[in-house]
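Engineer: next comes the sequence, and after it the predicted model I'd like to discuss.
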Amino acid sequence: MAGNEFDLINHYFKTQPVSRKDVELGIGDDAAIISVPANSQLVVTTDTLVAGNHFLPEADPVKVAHKALASNLSDLAAMGAIPAWCSLALTLPSPDEAWLKGFCDGFYKLAEYFQVQLVGGDTTKGPLSITITLQGFIPEGKAIRRDGAKAGDWLYVTGNLGDSAAGLDVILKGNQPSSEVENTLLNRHYYSTPRVLAGQVLRDLVSSALDISDGLVADLKHILKASQVSAVINAENLPMSKELVAYAGTAENAARMALCSGEEYELCFTVPESHRGALDTALAHTNTPVTCIGQIRHGDGLQVLWEQKPVDWTLSGWDHFSE
């Protein structure tokens, strides 16, 4: 791998569709030089995806690339930031050019859509893994944090929940999808839609936010702990696709998946009553569906209701491909 590293970098990573004016020096030197916009703060996130844990080694590299970059984009979306630059560290068992081509096709397609420029990284030999550090910026003092939720705020999520978990279930069966429903859910597991524009619109409307990467129940608890509040979720209000309900068999089974499904990369956020009326109007041009699923309360803990009654479901967080 070492002998081919620079050839691979030149062939696959120096030629890319995005060339930002604020990148003074990109790939090819010891480090990148970037000009951050005036009166802005830098927002940085890093995620690692490991074969056998976050994706199967034989998975389509186009889908893996989308998933890898989307997870980082979702982190910046939750903060209300504008993504701009990224670095990529790839560990490969061997210099597999076919895999690299597919990966770059998927990576650059999503990067171009959000105008993210690859400014550096590293390649090395070892078990297959992908590490992306994504950087963006936000107007000074405007970042959305986890610690601002107040009792009385309304609890919202974007998009649908549960499809990623159902898609993973299809993958782990080890066979090709047996129906159009299964094929749709499998693709939704890999092809999430980072809510970048919605996050920027929400800056002045929400009191807290995060992205759903480990499951709604697990992730919401981070907001509750940081804000020192509690919450109630009305599970029958969870937004669920018709494919998920068909796959799960009943709405109740689908709701259980929606509560725990990780790697959704949808946003969970809280809205004060005074801003609730402005929410739909503000998001209208982003084509982002949002659903109110509950409310923030005083105290601590999280209560889940189904048809106004507390549930006794076992609800755990995301566990990727662990045995």
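Structural biologist: Nice, I can see it.

Engineer: tell me the SS of the residue nearest the centre of the chain?
Structural biologist: Nearest to the mean C-alpha position of the chain, by Cα atoms, centre = their mean, lies Tyr265 at 2.9 Å. Under DSSP: H, G, I helix; E, B strand; the rest coil, the three-state class of Tyr265 is coil.

Engineer: list the contacts for Lys101?
Structural biologist: Applying Cβ atoms under 8 Å, 6 or more residues apart in numbering, we find Lys101 in contact with Tyr12. Every residue, glycine included, has its C-beta placed from N, CA and C.

Engineer: give the buried residues for the helix or strand harbouring it.
Structural biologist: Assigning secondary structure by DSSP states H and E places Lys101 in helix 97-113. Residues 99-100, 102-104, 106-108, 110-111 are the ones in helix 97-113 that count as buried (16 or more other Cβ atoms under 10 Å).

Engineer: next: stretch 146-153.
Structural biologist: 146, 148-150, 153.

Engineer: please apply the same query to stretch 117-129.
Structural biologist: 117-121, 123, 128-129.

Engineer: please apply the same query to stretch 129-145.
Structural biologist: 129-138, 144-145.

Engineer: in strands only, show me the residues you listed.
Structural biologist: Among those, the members falling in strands are 129-138 (criterion: DSSP state E).

Engineer: got the residues you listed as CSV, with distance to Thr286 and pLDDT columns?
Structural biologist: What follows is those, written out as CSV (distance: Cβ to Cβ, whole Å; pLDDT from 0 to 100):
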residue, distance to Thr286, pLDDT
Ser129, 33, 95
Ile130, 28, 96
Thr131, 29, 97
Ile132, 24, 97
Thr133, 26, 98
Leu134, 20, 98
Gln135, 22, 98
Gly136, 17, 97
Phe137, 19, 97
Ile138, 17, 97
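
Engineer: which one of these is nearest to Leu186?
Structural biologist: Ile130 (19.7 Å; Cβ to Cβ).

Engineer: might one say that that closest one is in contact with Ala59?
Structural biologist: No - contact criterion Cβ atoms under 8 Å: Ile130 and Ala59 do not qualify, at 11.4 Å.

Engineer: can you pull out the strands in the stretch 1-150 of the chain?
Structural biologist: In the stretch 1-150 of the chain, the segments counted as strands under DSSP state E, counting those that start in this stretch are 23-25, 33-34, 40-50, 82-92, 117-125, 129-139.

Engineer: and the contacts of the shortest one?
Structural biologist: Translated: strand 33-34. Contact partners of strand 33-34, identified using Cβ under 8 Å, 6+ apart, comprise 22-25, 84-85, 119, 135.

Engineer: what's the answer for the fifth one, then?
Structural biologist: The set of residues external to strand 117-125 that reach it, using Cβ under 8 Å, 6+ apart, is 1-2, 5, 8-9, 13, 16, 18-20, 23, 26-27, 31-32, 34, 84-94, 107, 111.

Engineer: let's see that with 6 Å instead.
Structural biologist: Residues from elsewhere that reach strand 117-125, judged by Cβ atoms under 6 Å, 6 or more residues apart in numbering: 1, 5, 16, 18, 20, 23, 26-27, 32, 85-91.

Engineer: and the residues you listed, which of them are buried?
Structural biologist: For the contacts of strand 117-125, buried by 16+ other Cβ under 10 Å: 1, 16, 18, 23, 26-27, 32, 85-91.

Engineer: thought Ile144 was touching Gly80?
Structural biologist: Yes - taking Cβ atoms under 6 Å as the definition, Ile144 is a contact partner of Gly80 at 4.5 Å.

Engineer: and stretch 141-157, end to end?
Structural biologist: End-to-end span of stretch 141-157 (Cα to Cα, to the nearest Å): 24 Å.

Engineer: sorry, back to before: would CSV of the contacts of strand 33-34 with distance to Leu42 be doable?
Structural biologist: Output for these, formatted as CSV (distance: Cβ to Cβ, whole Å):
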residue, distance to Leu42
Asp22, 12
Val23, 14
Glu24, 15
Leu25, 17
Ala84, 9
Trp85, 10
Val119, 13
Gln135, 6
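
Engineer: from these, which is closest to Leu283?
Structural biologist: Using Cβ to Cβ, the contacts of strand 33-34 come closest to Leu283 at Ala84, 22.6 Å.
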